[in-house]
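A.B. asks: Kindly generate the corresponding structure for this input.
(one chain, ligands or ions: 5)
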Amino acid sequence: MASSRFFLLFPLFVSFLLCIIFHPVLCDDEEDGLLRSINSYRTSLNRTVLTKNDNAECLAGEIADQFKNQPCTNSTGSNTVPGTETQFPNYPTLLANCHLNVSNTRDGAVLPACVPNLDPSLVLTNFTQTQYSVNLNDSKFTGAGIGSDGNWIVVVLTTNTPEGSFVTSEADNLGSNAAKLTGKNIGMIYLLFLLMGFLFML
Ligand SMILES: *[C@@H]1O[C@H](CO)[C@@H](O)[C@H](O)[C@H]1NC(C)=O
Ligand SMILES: *[C@@H]1O[C@H](CO)[C@@H](O)[C@H](O)[C@H]1NC(C)=O
Ligand SMILES: *[C@@H]1O[C@H](CO)[C@@H](O)[C@H](O)[C@H]1NC(C)=O
Ligand SMILES: *[C@@H]1O[C@H](CO)[C@@H](O)[C@H](O)[C@H]1NC(C)=O
Ligand SMILES: *[C@@H]1O[C@H](CO)[C@@H](O)[C@H](O)[C@H]1NC(C)=O
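C.D. replies: Ligands and ions are numbered 1, 2, ... in the order given. Modelled structure (predicted):
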């Protein structure tokens, strides 16, 4: 009895845990779906596909977090009149949180969109059928990171030049790799403990 219950529940349990621990990596369906759709759009325009850039994704998440309490209006997100884009006074901090600085991000593009409940088809057309389509059709962009919070979803485009590479700042490099490893280790240890607890419960 115990073993059949075990085999039934075990895979569910593990995927549930992995999903919690590696949340941004495994459970970002909305973001991954948008990147896939944007890449189909790029292919239809004879442009290279955008590769996922983790630092740009981090910044996109930080910016979505700044926007999250703003309502969707006809002058926000993809409706923003060029030249009136929201400027965040704490932008340098947002960059620093992602181990970035302005010298390797200035050629990138930040495209925020506001769509109630992030309805996937409206999200896509907010990028492909608005002023943002010009950016998506630009061959200088080679990578992208996507983050969302509330009704806001942000696409950050990167280039393969030093000014838009979004590579981790040299000075931060060691620190951030160490932090990432530690975070992962803690996650794995936590997972092992939970698994052991689960086995004992049977
Ligand atoms: C597609 O893009 C490549 C490189 O950007 C270019 O050489 C080629 O002519 C393009 N093809 C079409 C059909 O536009
Ligand atoms: C935006 O909405 C406001 C008020 O809801 C309205 O007065 C304005 O005409 C709208 N602008 C556009 C471009 O639709
Ligand atoms: C963008 O999203 C808004 C919802 O905030 C929607 O009303 C609008 O139709 C969308 N625009 C396009 C071009 O899809
Ligand atoms: C994309 O850009 C090319 C020129 O670089 C232009 O010919 C084409 O019309 C653009 N397509 C769209 C959908 O904007
Ligand atoms: C920004 O990052 C670049 C690339 O890693 C680095 O060369 C530069 O010194 C950094 N600038 C500042 C002000 O931190």
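A.B. asks: I'd guess residue 147 is in a strand, am I close?
C.D. replies: Yes. Assessed with DSSP: H, G, I helix; E, B strand; the rest coil, residue 147 lies in a strand.
A.B. asks: Make sure it is actually in contact with residue 118.
C.D. replies: No. If you go by CB atoms under 8 Å, residue 147 and residue 118 don't touch, sitting 11.6 Å apart. C-beta here means a position set from N, CA and C on the backbone, and glycine is covered the same way.
A.B. asks: show me where the protein has strands.
C.D. replies: Applying DSSP state E to the chain gives strands spanning 51-52, 109-114, 141-149, 152-159.
A.B. asks: for these, which one ends up most surrounded?
C.D. replies: Mean neighbour count (mean count of other CB atoms under 10 Å) peaks for strand 152-159 among the strands of the chain, with a mean of 26.
A.B. asks: Run me through the strand neighbours of it, direction for each.
C.D. replies: strand 109-114 (antiparallel), strand 141-149 (antiparallel) (DSSP bridges).
A.B. asks: Quick one, which of those gets closest to ligand 5.
C.D. replies: Ligand 5 lies closest, by CB to the nearest ligand atom, to one member of the strands paired with strand 152-159: strand 141-149, at 15.8 Å.
A.B. asks: Just send the strands paired with strand 152-159 back as TSV, with distance to ligand 5 and mean pLDDT too.
C.D. replies: What follows is the strands paired with strand 152-159, written out as TSV (distance: least, CB to the nearest ligand atom, whole Å; pLDDT from 0 to 100):
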stretch	distance to ligand 5	mean pLDDT
strand 109-114	18	98
strand 141-149	16	98
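A.B. asks: circling back to that earlier point, need the strands of the chain in CSV with distance to ligand 4, can you?
C.D. replies: Shown next, in CSV, are the strands of the chain (distance: least, CB to the nearest ligand atom, whole Å):
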stretch, distance to ligand 4
strand 51-52, 20
strand 109-114, 15
strand 141-149, 12
strand 152-159, 15
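A.B. asks: Low-confidence bits of this protein, can you list those?
C.D. replies: Scanning the chain for pLDDT under 70 picks out the ranges 1-28, 169-191, 193, 197-200, 202.
A.B. asks: in stretch 120-135, what counts as buried?
C.D. replies: Judged by neighbour count (16 or more other CB atoms under 10 Å), stretch 120-135 contains these buried residues: 123, 124, 125, 126, 127, 128, 130, 132, 135.
A.B. asks: Contact partners for residue 37?
C.D. replies: Residues near residue 37 by CB atoms under 8 Å, 6 or more residues apart in numbering: 120, 124.
A.B. asks: at 10 Å instead, please
C.D. replies: Residues near residue 37 by CB atoms under 10 Å, 6 or more residues apart in numbering: 120, 121, 123, 124, 125, 127, 128.
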